[in-house]
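Asks: Just to be clear, the model below is a prediction. Sequence and coordinates:
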Amino acid sequence: QVQLVESGGGLVQAGGSLRLSCATSVRTFSSYAMGWFRQAPGKEREFVAAISWRGSSTRYADSVKGRFTISRDNAKNTVYLQMNSLKPDDTAVYYCAAGPRAGTEENNFHSWGQGTQVTVSS
């Protein structure tokens, strides 16, 4: 298990931007693939983006492709999610996760953060 702490959520108008961060103190951070998921009210948690341990491979949900960018800084034990052109449909609690594979399914990840709220107003 890896302890993960998300930050950077908040309230933003449609069309605006936010950058989420997910930090951990574990030394083996660079050995984990990282992912971002989100859960909107009344909906199941869904995949947003994932990045391989080296950062050489990324994956995105179709709904965020071209607007969101996942990146990582292994020297800072941090993964980021840059969110641009935000829409009201992006409103959700965003979770970061760590695991062995940068896949789109939750079972690729064994450790989860507590989540950070992102609210996009129209």
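Replies: Received it, and whenever you're ready, just let me know what you need.

Asks: just the strands in the protein please.
Replies: 5-7, 10-13, 18-23, 33-39, 46-51, 58-60, 68-73, 78-83, 92-99, 111-112, 116-121 (DSSP state E).

Asks: Make a markdown table from the ones you listed and add mean pLDDT to it.
Replies: Converted to a markdown table, the strands of the chain look like this (pLDDT from 0 to 100):
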| stretch | mean pLDDT |
| --- | --- |
| strand 5-7 | 97 |
| strand 10-13 | 98 |
| strand 18-23 | 98 |
| strand 33-39 | 98 |
| strand 46-51 | 98 |
| strand 58-60 | 98 |
| strand 68-73 | 98 |
| strand 78-83 | 98 |
| strand 92-99 | 97 |
| strand 111-112 | 96 |
| strand 116-121 | 98 |
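
Asks: Check the gap between residue 101 and residue 47 for me.
Replies: Separation of residue 101 from residue 47 (CB to CB, to the nearest Å) stands at 12 Å. The C-beta positions use only the backbone N, C-alpha and C, and glycine is treated the same way.

Asks: Give me the more crowded residue out of the two.
Replies: Higher neighbour count among residue 101 and residue 47: residue 47, with 21 against 15, using other CB atoms under 10 Å.

Asks: so the spatially most central residue of the chain bridges to which residues?
Replies: Geometric centre of the chain, nearest residue: residue 36, 2.6 Å, by CA atoms, centre = their mean. Residue 36 has these beta-bridge partners by DSSP bridges: residue 49, residue 96.

Asks: so who does it touch?
Replies: 20, 22, 48-50, 70, 79, 81, 94-97 (CB atoms under 8 Å, 6 or more residues apart in numbering).

Asks: Next: residue 82.
Replies: 17, 19, 68-71.

Asks: Filter these down to the buried ones.
Replies: Among the contacts of residue 82, those buried by neighbour count (16 or more other CB atoms under 10 Å) are 68-70.
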